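Enquirer: could you look at this predicted model? Sequence included:
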Amino acid sequence: MSHQTSADHDYLTTAEAADYLRLKPRKVYDLVRQGQIPCTRATGKLLFPRQSLDLWLMSHLEGDMPGARVVPAVLAGSHDPLLEWALRESGADLATLCHGSGDGVRRLLAGEAMVAGLHLVDPSSGRYNRPEALGLAGMRDLVMVRWARRRQGLLLKPGNPLGLGSIKDLARPGVRLAHRQAGAGAQRLLAWLLARAGVSAEALALTAHPSRSEDDLALAIRQGEADAGLGVEAAARRQGLAFVALHDEAFDLALRRRSYFEPPLQRLLAFARTPRFRAQAEAMGGYDVSELGEVVYNA
């Protein structure tokens, strides 16, 4: 029979965490009281996520490195309706500059943002948010945290009067397509889906100006400026649009390891563990938040 150590569990008790960190239990309680160590409460007991403890240790080692700079409390990258709501309701105090996943990568690398919301598909593999494909492989302190899996599809006028049901239908004569800006994750996904369906991008009748967010794209369809667009189900529901599901994707938060423990991120992630947040995700539609908070990449 194999012996299972505390390090094999996803959540550690206070005694196990103290042993794992080689600290006295009283010191662990002091760190909890000071809000300096990640933990959660379940049935009155403190539990310590092992992944978060590993990040905490590594961030403290890196915190003493010369040249470490404070980054502004800004969330850049892609727009997500559920994330936008959670930022407001959690009091995370993160300003937003949501100009697309590509812009988020640039701002994260430049130290202009604490977090970047990303949903960039790799055309060669169909996988999402691969650091090497994003130009982030050189960040030695990069961490990616799962926010949600989202349902992407066609946003259509109420009742779908043109009977659109697939990517190929977007190339039909007279169909006006709302679209996102270059560098946005939805635009890259559209290009990938078109290529898989054998549809040339030149065959599409695009609106004159790109939509800068999921809500802007949905509103363009609702107001009659376009007949269709590619976006998330939650945006379709908010504007009362028809929706045809096409693809499930991963939406992740990319950040530097030390930023994970800054109050804005901790407030956001703590709020995302509440029943109120889960109920909102269910009500908005098209979200799977069962993996929310999991560290999916740790450089």
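Expert: Good, I have the coordinates.

Enquirer: use CA for all of it now, contacts and neighbours both
Expert: Will do.

Enquirer: so what sits opposite the residue lying closest to residue 103 once chain neighbours are set aside in the bridge?
Expert: Nearest non-adjacent residue to residue 103, counting by CA to CA, 6 or more residues apart in numbering: residue 77, 5.7 Å away. Legend: beta-bridge partners of residue 77 under DSSP bridges are residue 117.

Enquirer: surely residue 77 meets residue 105?
Expert: Yes - in terms of CA atoms under 8 Å, residue 77 counts as a neighbour of residue 105; the distance is 6.9 Å.

Enquirer: distance of the residue nearest to residue 103 from residue 192?
Expert: Relative to residue 192, residue 77 is positioned 20 Å away (CA to CA, to the nearest Å).

Enquirer: which of these two has more neighbours?
Expert: The neighbour comparison of residue 77 against residue 192 (other CA atoms under 10 Å) goes to residue 77, with 30 against 17.

Enquirer: now that one: how far from residue 22?
Expert: Separation of residue 77 from residue 22 (CA to CA) stands at 38 Å.

Enquirer: please enumerate the shared neighbours of residue 77 and residue 105.
Expert: residue 116 (CA atoms under 8 Å, 6 or more residues apart in numbering).

Enquirer: how about residue 226: what's its closest non-neighbour residue?
Expert: For residue 226, the closest residue by CA to CA, 6+ apart turns out to be residue 176, at 4.9 Å.

Enquirer: which secondary element of this structure has the worst mean pLDDT?
Expert: helix 50-63 (a mean of 66; mean pLDDT, DSSP states H and E).

Enquirer: can you give me the strands in the stretch 101-250 of the chain?
Expert: Ranges of strands within the stretch 101-250 of the chain are 115-118, 142-156, 176-178, 205-206, 228-232, 242-256, based on DSSP state E, counting those that start in this stretch.

Enquirer: nearest to residue 220, out of those?
Expert: Residue 220 lies closest to strand 176-178 among the strands of the stretch 101-250 of the chain, at 6.9 Å (CA to CA).

Enquirer: poorly predicted segments of the chain, please.
Expert: Along the chain, the model assigns pLDDT under 70 to residues 1-9, 35, 56-69.
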